[in-house]
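Participant: okay, predicted coordinates and the sequence, questions at the end:
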Amino acid sequence: MGRYLIRRLLISVITLVAISMVVFSILALAPGDPLSGFANNPNVPPELRQRLRKQLGIDDPIHVQYIKWATQYIKGNWGESYTSHMPVRQYIFQRLPVTIEILGSAFILGILIAIPIGVISALKQYSLFDQFSTTFAFLGFSIPTFFSGLLLIIIFSIKLNWLPFVYDSTVTGLWPNIKQSIMPIVVLGLAGSAGLMRYTRASMLETIGQDYVRTARAKGLHEQTVVIVHALRNALIPVITIIALQVPEIFGGAVITEQIFRVPGIGSALISGIESKDTPVVMAIAFGVSILVVLFNVVADILYAVLDPRIKYA
């Protein structure tokens, strides 16, 4: 296991380097630059624009810009935002708690909804509950997060006036914070649970038909023991992969959801950074998400061996 993890971590490092190079190249080759807004401004002389370009380093070749960025990033210096003129680390860490609160809650909510319903649907195949959950999953697949977010705003904010539809970071108190976080969490949690529910159901259906599950029932074991200990433990192995792959999907949904509910989080910072060509901010966020995706996949590999002792990593 130790040798496998070392090899896996080395591959992960190579993957992250490749991702950072691709993302940085796309940002560098995209039309425009942070100073393009001053191009037609007569109050900003060309000499000043040229001097600012040299100060920002955007006149350097792409490979030189990338090496400078990577060197500083490894040292812990994420650069300075072109628009807010704040250190990128400070700028992101100011917005990170809100994103962690909403994404983390939505991630947990999706798992808590999807796995129990998927298991029950498999055990009660073709029942009314199974048909209802299947319909719910298809709706979750089909309805985009921006539509479900707007739908919740119309129902619970405009019609019923129960929940605020604009996130206010200055709000204090536990209940007001919970109220303004409910709709973003529900939108992301339900969207993430739809696909996971279908995978859990399919994996559970395949597992409960295996010989060892029938043997466990033939031994007279309690049905709860058969389902949880023998069937569910093995059915979760492919589900863990889907959970690990949902990290970028949930973050992608958060980018849209934060725009709808005006949440001052990482997603809205990413959109603002892309619009203003704020490369340090975009690189820090994109690379941070890449690290999370790679890390979750490594954790998923470890959990395979925990759930199934037959899996050995040589």
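Facilitator: Okay, I see it.
Participant: so who does residue 178 touch?
Facilitator: Contact analysis of residue 178 by C-beta atoms under 8 Å, 6 or more residues apart in numbering lists nothing. For glycine as for every other residue, the C-beta is placed from the backbone atoms N, C-alpha and C.
Participant: tell me how far it lies from residue 184.
Facilitator: When distance is defined by C-beta to C-beta, to the nearest Å, residue 178 is 12 Å away from residue 184.
Participant: could you pull out the helices in this structure for me?
Facilitator: Applying DSSP state H to the chain gives helices spanning 2-29, 46-56, 62-74, 88-123, 128-142, 145-152, 174-208, 211-218, 223-225, 233-260, 266-275, 279-307.
Participant: for the protein, which spans come out with low pLDDT?
Facilitator: Filtered on pLDDT under 70, the chain yields the residue ranges 1, 32-50, 52-53, 55, 305-314.
Participant: picking up where we left off before, reformat the helices of the chain as CSV; add distance to residue 162.
Facilitator: Converted to CSV, these look like this (distance: least, C-beta to C-beta, whole Å):
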stretch, distance to residue 162
helix 2-29, 40
helix 46-56, 47
helix 62-74, 44
helix 88-123, 18
helix 128-142, 22
helix 145-152, 10
helix 174-208, 8
helix 211-218, 45
helix 223-225, 38
helix 233-260, 17
helix 266-275, 24
helix 279-307, 32
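Participant: for residue 168, find the nearest of the ones you listed.
Facilitator: Taking C-beta to C-beta, helix 174-208 is the member of these nearest to residue 168, at 6.4 Å.
Participant: mind listing what's buried along the closest one?
Facilitator: 177, 180-205, 207-208 (16 or more other C-beta atoms under 10 Å).
Participant: by how many degrees do that helix and helix 211-218 diverge?
Facilitator: Going by axes from the mean of the first three to the mean of the last three C-alpha atoms, to 10 degrees, helix 174-208 is angled at 100 degrees with respect to helix 211-218.
Participant: quick one: helix 174-208 to chain centroid distance?
Facilitator: 13 Å (C-alpha atoms, centre = their mean, to the nearest Å).
Participant: ditto for stretch 154-173
Facilitator: 24 Å.
Participant: what comes up buried for it?
Facilitator: 156, 157, 163, 164, 165, 167.
Participant: I'd guessed residue 106 sits against residue 250; true?
Facilitator: Yes: counting by C-beta atoms under 8 Å, residue 106 touches residue 250, with 6.3 Å between them.
Participant: so for the two, which residue has more residues nearby?
Facilitator: Using other C-beta atoms under 10 Å as the criterion, residue 106 and residue 250 rank with residue 106 on top: 25 against 20.
Participant: check contacts around the more buried one.
Facilitator: Contact analysis of residue 106 by C-beta under 8 Å, 6+ apart lists 184, 185, 186, 187, 188, 189, 192, 250, 254.
Participant: for residue 260, same thing?
Facilitator: 145, 146, 149, 150, 153.
Participant: 10 Å - rerun?
Facilitator: By C-beta atoms under 10 Å, 6 or more residues apart in numbering, residue 260 lies in contact with 145-150, 152-153, 165-167, 183-184, 187.
Participant: now residue 290
Facilitator: Residues in contact with residue 290 (C-beta under 10 Å, 6+ apart) are 12, 15, 16, 18, 19, 20, 22, 23, 247, 248.
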